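Undergrad: dropping the sequence and predicted coords here.
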Amino acid sequence: MAAALLASCSNDGGPPLAVSGVKVLAPLPGSDAGVAYMTIENRTDAPVTITGVSSPQFDRVEIHETSLVDGVSQMRQLHRIDIGGNASVTFQPGGRHIMLIGPKDAVAVGSAVTLELSHSQGQLIVSATLADRSPGN
């Protein structure tokens, strides 16, 4: 599950965002949706807004948030994520997460997955290895 920050551009030339704890999990048997978790840190004083995510290995990528409403777990799509200056946001089970929908033919456990996060300061490209979605992941 090694991940690498491949590119992140900002107006001043320095990377405004840093990524850690990347985990990309394959769809469960019978499902067409995998999931990605990570922490994104804004290293600038100015707020940054994540405006979208894509991946060449999946037909669609969406940011979702799971919440508990009246004792029932509900998931809704988010169209943007605001990260305050010198703050971070965590994508994790039971909260915000990135859904990877419609894997393309070549996607299999152990293959490389690229996530392209568009944000208000440019683009952040993250590479990770697709892991098995076994209990505990």
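TA: Noted; the coordinates are in hand.
Undergrad: I figured F91 hits L25, correct?
TA: No. Using CB atoms under 8 Å, F91 is not in contact with L25, being 11.8 Å away. Yep, even glycine has a C-beta here, placed from its N, CA and C like the rest.
Undergrad: got any residues that touch both of the two?
TA: A36, Y37 (CB atoms under 8 Å, 6 or more residues apart in numbering).
Undergrad: give the helix, strand or coil label for the residue nearest the centre of the chain.
TA: Taking CA atoms, centre = their mean, the centroid of the chain lies closest to I98, which sits 4.5 Å from it. Judged by DSSP: H, G, I helix; E, B strand; the rest coil, the three-state class of I98 is strand.
Undergrad: ok, and the closest non-adjacent residue to it?
TA: A36 (4.0 Å; CB to CB, 6 or more residues apart in numbering).
Undergrad: my guess is L25 contacts G34, does it?
TA: Yes. Using CB under 8 Å, L25 makes contact with G34 at a distance of 5.6 Å.
Undergrad: any shared contact partners between the two?
TA: L130, R133.
Undergrad: hmm, back to that, contacts only, for the residue nearest to the centre of the chain.
TA: V35, A36, Y37, M38, V53, V61, E62, I63, H64, F91, L115.
Undergrad: thank you kindly, that will do.
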